[in-house]
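>>> Task: produce atomic coordinates for the following.
(chains A and B)
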There are 2 protein chains.
Amino acid sequence: MNNQKKYLVKFVPSGKSIKTSPGYNLKQAILDSGIYIDSSCGGVGTCGRCRVLVKEGKVSTKRSRFISPGEKQKGYVLSCLSKIESDLVVEVPVQKKVRAKIVGGRFTDMKSKVYADINKDHLSSIEIKPWIRKETIIIEKPSLSYGTSDLFRLKKSIRENMGIEECIVPIHIIRKLPLVLREKNWEVTVTVDMENNTLIDILPGKVSKKSYGLALDIGTTSLVIYLVDLEDGKIIGSESEYNPQIRFGEDIINRIVYANRKGGLEKLREVIIDSINNLIWKLMFNSHIDADNIVSMMVSGNATMMHLFYGVPPRYIREEPYVTVANQFSNSTAKEIGIKHIKNAHAYSIKGVASYLGGDIASGILATDMYRKEDLALFLDLGTNGELVVGNSEWMMGASCSAGPAFEGGGVKCGIRAVDGAIEKVSIDQKTYKCRVEIIGGGKPAGICGSGLIDVIGEMYLKGVIDRKGKFNKDIGNKYLKCMDKDCQYVLVDNKCSETGKDIFISEIDIDNLIRAKAAIYAGIKTLLEEVDLSVYDLDKIYIAGGLGRHLYIKNAVVIGMLPDVNTSKYFFMGNTSITGAYLSLLSEEKYKQSTKIADHITYIELSVNMKFMDRYVAGLFLPYTDMKDFPSVEENLYPLKSKPKK
Amino acid sequence: MNNQKKYLVKFVPSGKSIKTSPGYNLKQAILDSGIYIDSSCGGVGTCGRCRVLVKEGKVSTKRSRFISPGEKQKGYVLSCLSKIESDLVVEVPVQKKVRAKIVGGRFTDMKSKVYADINKDHLSSIEIKPWIRKETIIIEKPSLSYGTSDLFRLKKSIRENMGIEECIVPIHIIRKLPLVLREKNWEVTVTVDMENNTLIDILPGKVSKKSYGLALDIGTTSLVIYLVDLEDGKIIGSESEYNPQIRFGEDIINRIVYANRKGGLEKLREVIIDSINNLIWKLMFNSHIDADNIVSMMVSGNATMMHLFYGVPPRYIREEPYVTVANQFSNSTAKEIGIKHIKNAHAYSIKGVASYLGGDIASGILATDMYRKEDLALFLDLGTNGELVVGNSEWMMGASCSAGPAFEGGGVKCGIRAVDGAIEKVSIDQKTYKCRVEIIGGGKPAGICGSGLIDVIGEMYLKGVIDRKGKFNKDIGNKYLKCMDKDCQYVLVDNKCSETGKDIFISEIDIDNLIRAKAAIYAGIKTLLEEVDLSVYDLDKIYIAGGLGRHLYIKNAVVIGMLPDVNTSKYFFMGNTSITGAYLSLLSEEKYKQSTKIADHITYIELSVNMKFMDRYVAGLFLPYTDMKDFPSVEENLYPLKSKPKK
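From the prediction side, this is the model:
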């Protein structure tokens, strides 16, 4: 029967081979054979990184914009989109170095950027003292006159050396205890979870091997993971990938809807756990660090992501009165939650505040210094949802406002995520209305990302291409504006210059989507401040975090009325603060406890039912705002509209 | 191929059938098909209870004393000893009622005896308050102004209703939490482990279903298990079986030796867990109680049995300085230790004192009142090992002395365990030296058990059949004494009257074995008392527990010098105190804590290296003792030796 047939797939130059069933996915076969192949999109054909050359044999494959017709002719395919249909010989390009990708929502080299930030800003300020501690201790020998149990004497030594009154020793450790204790004459190295007073591991003798931890940020769009040396805080490696749940729903609401379906929650959990297992495997593979030495894992993420990660139904997060099942999940072994490679490691999560103000935000606040300074600060995490916290060491108040997918490139015709090929910055020639664009990674532009959108709308408004309502000024002689009936498109890059062979443009609907998003953010900021009788001018510092933040052009974000019109020296870009907070909590017991205090400390304001918020949102549907007095600097920079005669 | 062949086995009168591989065990096939078949020996052919009639087809089977040649002709076989060799039709006798067996080391009806004891002596004295508690509580509803997490509000309600400051909620419960809370309008019934502050289960609404627990005694020879109603303390059912580890070693030392072999520990653990799973299944089957309502399990046993049950190497228990790995094992879910049916139940164990003074003894002390009275008491658990504790509410001191297998019928040619057919009592006619025997279960005698041995040796000594050294008096005209060279055997039952068709006799070697055993026990008692400058005459009470105890004829145990020669009204028979203590600890949190206090309270004296013990042991190798002054009543009863002329 056909089902029993197997095809032999040989890989060059590695010389490895594997037998597979007909129709088996080629990328999976490559991974199965033990060859590493990059694929940041999780195997859905959108990153183009798993390109291979089929030298002999037949595959069935899907079309891809990453493979030109000429390349296709030669046999190039994306392995993730290809099925094996005969015996094959496949050339898999050797991948010299695995680069970390997606930080702050885009592909970049984390080592030079985020690592540097962390090492400078944070490592100096914390005492490295993880709640997982490794120590070599001597256990008293038993004798006829001191015949207590091995366990009793072990606990006694832990109490005397590490100050834990009654250490919990799980049964799998008791099972190996007698042999381990006696192997090196009653000297052992213990790994203890100081938070839960639990012995995690015990090894004979003085073990000089280091211990490591994993910091993990589960974002709605992407996963980021660091492998950290728990002794000196050094980041040994990092990996990131799109959140594979994206294919079941782009944003939180769609994921919750999917989770409500039969088997939906299990599926969402399965794919995220698989992805994390893969990333951990890669980290271990590249660092040559043994799984047994990875002792802990700190997870940060928004409430919905945490529910899905732990397999808890998120349904009531989106039903009034919008409550979570839990804001923090029990500490457990990695194995208990499905993590494969580092079974014995303990997994912890950062506590969240409410349904739409999760542990990622508590983690973010931890990554700033606002929780210990008297200065009044605003923390703003800009992604699909805008989350904001205002306060200082005395008090904090937080809220969340749904910004829609525009900031992530969604709901916009030519929008893409902040990946290579995305337009991130735009300037418009005041005379010709021609656009100059800057593209992530250089190369040809493929679309426009969130920060590019904010930039282009600011520019369009300043240069008179659109009016205060976001409608095109059709009478200024803008030859890049193409109208068909009432439907107009402003072409930023024409089809000859684009990667896709199509125009890259902005429509009024796109502009409208972005205006709604920015109106929500600004209304959130104003509402929160006014709750405590403060205004944007009282703010000493504004921290911008999240996917959009890192490369945002503040000036134009102010022009469109998204961010407060205050001195730009008050703005600080923080990158992905969720992973930074997780990293700090991984390294320091004190920081971890602090993150819980932060979560408990923040008063949550529900904006979705707040009438003042609604009023301000409506007022924000103009550029920059209904009342121009809120944005004095914008008016100054506005180019006086000049009308050209219609043709 | 032959391997692929399947045989169809039909069972009458049930009408059930099953397909099996050639050579498959018939008893297992019966169980697999869902038919209950009794087998107290664990499937090794020694109890004869799994007899079936093969009506059609062929089996290969082993010979058994339970199947007569005539029965064999008709097709009767022991199913546990039979392999399936063709399609079969098998008649399985319908088992009307499962009787509890083996209590205090013998087959008896627990319901009428042990249950009565427990209900009279104990239930009146304890407050039933298990550490597992079930309560119906109301959770506060969330609202827009009170938007805390489900978990937070649940914990708050548990705190307010049950007084647990911070209840631990495992992830599998958090997963179902949102639906359970909302199903009956925020009313739920929670099952909480008050000892570990952990939520075990949560059900929607007011659940009137009762909760149950299991008390388990893992003895070296037998397993006993009770199913208990946690509300009123009623014993719903009980089961017992031989400890299936017996086939890997009769006593503790042999089990430890076997555990040291490659894979030995795993094997020993596997068979005991399998047996326990089977017993639990039977209990559930007979009581129609749902697995979900069984919430806890309390395990009692000696140190070696507990090591094997938890899969912990027992090796160092028998190597100087004789230490355990642990005297108490971590509480855990039943699932974590391999118990199948009652996965969510929590399993606890009674704390032990030392390698040879285990949790079974702490449990035993709990079953007496000696730990709360000022009276000086001696607790004696007589089995393969003799364990003894002396003391009162102020102090306690314990020791263990290896008595060898004689008390369990081992090391004695015609010795058997205290099962149906065992001689348990003997009286000797002073004139003819003919024995009258009493047999457990009536019927023909098959051998002699521990209490029978003590009885017959006491009788032999009193009636002059043997001398103080345990040697036969050959010149008294005893025609039941058969000698061949120097080797003499005293025939208690001749071959015509025995079940086996062979003489049942006692040899000098048998007597010697028993004298060594009794010498060890008495030396232990004397040594322990003298450590605190006390004598046997200071004892107010003597509690006899364990396999041998229940039917021991005290007078003759004193005659042979095993038990102190004090007023017999001071003696109390306690039966299997290990299971009684487990039962009490299951029902009462206070009793469970008390058992731990008892274990911590007992000062352990290592006798194996104690020179005074050795001296007294040697002094005890005479009947009743070197110094007859220790046993004044024995001398009074001794029949004056009369010599008869030799033939």
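
>>> number of nearby residues for A:G441?
Burial measure for A:G441: 12 neighbouring residues, criterion other CB atoms under 10 Å in any protein chain shown. Glycine gets a C-beta too; all of them are placed from N, C-alpha and C.

>>> Then A:R175?
By other CB under 10 Å, 18 other residues sit near A:R175.

>>> and what of A:Q245?
When neighbours are counted by other CB under 10 Å, A:Q245 registers 28.

>>> So the spatially closest residue to it that is not a sequence neighbour versus chain B, what's the distance?
Leaving aside its sequence neighbours, A:Q245 sits nearest to A:L268 (CB to CB, 6 or more residues apart in numbering or on different chains; 5.2 Å). Distance check for A:L268 against chain B: by CB to the nearest CB, to the nearest Å, it reads 13 Å.

>>> Using the three-state scheme, assign A:L268.
Classification of A:L268 by DSSP: H, G, I helix; E, B strand; the rest coil places it in helix.

>>> Would you mind confirming that it is in contact with A:V257?
No. Under the contact definition of CB atoms under 8 Å, A:L268 does not touch A:V257, with a separation of 10.9 Å.

>>> For those two, indicate the residue with more neighbours.
Neighbour comparison, A:L268 and A:V257: the larger count goes to A:L268, with 27 against 15 (by other CB under 10 Å).

>>> Show the contacting residues for that one.
By CB atoms under 8 Å, 6 or more residues apart in numbering or on different chains, the contact set of A:L268 is A:245, A:248, A:255, A:258-259, A:308.

>>> got a pLDDT number for it?
Predicted confidence (pLDDT) for A:L268: 94.

>>> For it, give its distance to A:N576.
As judged by CB to CB, to the nearest Å, A:L268 and A:N576 stand 22 Å apart.

>>> any idea which helix or strand comes after the helix or strand of chain A with the lowest mean pLDDT?
Counting by mean pLDDT, DSSP states H and E, chain A has its least confident helix or strand at helix A:114-117, which shows a mean of 40. Using DSSP states H and E, the next helix or strand after helix A:114-117 towards the C-terminus is strand A:132-138.

>>> elements contacting that next one?
Packed against strand A:132-138 by the contact rule (3 or more CB pairs under 8 Å, 6 or more residues apart in numbering or on different chains; DSSP states H and E) you find helix A:150-162, strand A:187-193, strand A:294-301.

>>> Go through these and name the closest to chain B.
Checking those against chain B by CB to the nearest CB gives helix A:150-162 as the closest, at 3.8 Å.

>>> for that closest one, packing partners?
If you count contacts as 3+ CB pairs under 8 Å, 6+ apart, helix A:150-162 packs onto strand A:132-138, helix A:171-183, strand A:187-193, strand A:198-204.

>>> Could you identify which of those is most buried?
Sort those by mean neighbour count, taking mean count of other CB atoms under 10 Å in any protein chain shown, and strand A:187-193 sits at the top with a mean of 23.

>>> Now tell me what touches that strand from outside.
Strand A:187-193 is contacted from outside by A:131-139, A:154, A:158, A:162, A:164, A:167, A:180-181, A:198-207, A:211, A:295-296, A:331, A:346, using CB under 8 Å, 6+ apart.

>>> make it 6 Å
Applying CB atoms under 6 Å, 6 or more residues apart in numbering or on different chains, the contact partners of strand A:187-193 are A:132-136, A:138, A:199-205, A:207, A:295, A:346.

>>> now A:K55, nearest residue through space, not along the chain?
Closest residue in space to A:K55, ignoring its immediate chain neighbours: A:V89 at 4.5 Å, by CB to CB, 6+ apart.

>>> correct me, but the one you found touches A:K10?
Yes. The criterion here is CB atoms under 6 Å, and A:V89 meets it with A:K10 at 4.9 Å.

>>> which of these two has more neighbours?
Comparing A:V89 with A:K10 by other CB under 10 Å, the one with more neighbours is A:K10, at 18 against 15.

>>> which ones are touching the more buried one?
By CB under 6 Å, 6+ apart, A:K10 lies in contact with A:17, A:89.

>>> do that again at 8 Å, thanks
A:16-17, A:88-90.

>>> Ok, A:S355 next?
Contacts for A:S355 were tallied using CB under 8 Å, 6+ apart; they are A:303-304, A:317-318, A:322-324, B:147.

>>> tell me the two of the residues you listed that are most distant?
Spanning the widest gap among those are A:T304 and B:G147, at 15.2 Å by CB to CB.

>>> neighbour count winner among these two?
Neighbour comparison, A:T304 and B:G147: the larger count goes to A:T304, with 26 against 18 (by other CB under 10 Å).

>>> Can you give me the pLDDT of that one?
Taking A:T304 on its own, its pLDDT is 96.

>>> surely it meets A:I317?
Yes. The pair A:T304 and A:I317 passes the contact test of CB under 8 Å, sitting 5.7 Å apart.

>>> Mutual contacts of the two, please.
With contacts taken as CB under 8 Å, 6+ apart, the residues that reach both A:T304 and A:I317 are A:252, A:256, A:355.

>>> ok, which stretches of the stretch 451-600 of chain A are helices?
A:508-531, A:554-559, A:577-587, A:589-601 (DSSP state H, counting those that start in this stretch).

>>> which of the ones you listed sits most buried?
For the helices of the stretch 451-600 of chain A, the largest average neighbour count (mean count of other CB under 10 Å) is found in helix A:577-587, namely a mean of 30.

>>> Report the angle between that helix and helix A:589-601.
130 degrees (axes from the mean of the first three to the mean of the last three CA atoms, to 10 degrees).

>>> could you give the angle of helix A:577-587 to strand A:132-138?
Here helix A:577-587 points in a direction 10 degrees away from that of strand A:132-138 (the same axes, to 10 degrees).

>>> A:V491 is in contact with A:Y480, isn't it?
Yes. In this structure A:V491 lies within contact range of A:Y480 using CB under 8 Å: 4.7 Å.

>>> Following the chain onward from the strand or helix carrying A:K425, which element is next?
Using DSSP H and E, the secondary-structure element containing A:K425 is strand A:422-428. Next along the chain after strand A:422-428, taking DSSP H and E as the criterion, comes strand A:435-439.

>>> what about that next one, distance to the chain center?
Counting by CA atoms, centre = their mean, to the nearest Å, strand A:435-439 is centred 26 Å from the centre of its parent chain.

>>> Who are the packing partners of it?
Packing partners of strand A:435-439 (3+ CB pairs under 8 Å, 6+ apart): strand A:422-428, strand A:487-493.

>>> Give me the contact list for the following helix or strand past it.
Going down the chain from strand A:435-439, the next helix or strand is strand A:447-448, by DSSP H and E. Outside strand A:447-448, the residues that touch it by CB under 8 Å, 6+ apart are A:409, A:412, A:414-416, A:421-423, A:426, A:456, A:492, A:500, A:504, A:506.

>>> Tell me if I'm right that A:G450 and A:P405 touch.
No. Checked against CB under 8 Å, the pair A:G450 and A:P405 is beyond contact range at 9.2 Å.

>>> Looking at those two, which is more packed in?
A:G450 (33 against 21).

>>> Quick check: that one vs chain B, distance?
Taken as CB to the nearest CB, the spacing of A:G450 relative to chain B amounts to 29 Å.

>>> Local confidence estimate at that residue?
What the model reports for A:G450 is a pLDDT of 87.
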